[in-house]
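# next comes the sequence, and after it the predicted model I'd like to discuss.
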Amino acid sequence: MTSNDDILRALGRVEGRLTGIEENVALLRQEMGDEKASAHESRTVIHRRLDEQARQIAHLDTRVAITGGADTQIRAEILTLKETVEKNQETVGPALEEWKRMKSIGYGISGLIAFAGLTTGGVIAYASDGAVAALRHWLKIS
């Protein structure tokens, strides 16, 4: 049979092992708590980044919507301006053609005046010799 001493020693060993197990469990709890805090912090960072991405996407959506509206407005203005320019061209077209015709007539008249001036100058230059001779003869200048 076993004595009380053997039973007490066995209980001491069991108690020692329980103490070791308790310490190991405490260490595991501490490590789990640290991991839990680290995981919580990591999730917080991820959620913060996701929130920032969501804000940026919302801002981008708003910017795209505004740009699309502005693009539509600009296209409408361009169409209006195009119609106005076409109407103005139709209205001003005959006047421009008339102006071009008057301009070409003006060039012709300027050419005729220049030709007449040159001709007159040539005739005067040619006749000047005769006129000088006639004037000298009339004034009796030799």
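Alright, I've got the coordinates.
# where are the low-confidence patches of this structure?
Low-confidence segments of the chain, defined by pLDDT under 70, are located at 1, 142.
# helices along that one, start to end?
Taking DSSP state H as the criterion, the chain carries its helices at 4-139.
# so for it, the centremost residue is which one?
Compute the mean C-alpha point of the chain, and by CA atoms, centre = their mean the closest residue is residue 67, 11.3 Å away.
# check the gap between it and residue 132 for me.
Residue 67 sits 86 Å away from residue 132, going by CB to CB, to the nearest Å. In this view, the C-beta of every residue, glycine as well, is placed from N, C-alpha and C.
# how near is the residue nearest to the centre of the chain to residue 54?
For residue 67, the distance to residue 54 (CB to CB) stands at 20 Å.
# equivalent analysis for residue 113, please.
Using CB to CB, residue 113 is found at 81 Å from residue 54.
# tell me how many other residues surround residue 27.
Using other CB atoms under 10 Å as the criterion, residue 27 is surrounded by 10 other residues.
# show me the contacts for it.
For residue 27, the contact set (CB atoms under 8 Å, 6 or more residues apart in numbering) is empty.
# and if you look at residue 108?
Contacts of residue 108 by CB under 8 Å, 6+ apart: none found.
# for residue 122, see how far away it is.
Taken as CB to CB, the span from residue 108 to residue 122 is 21 Å.
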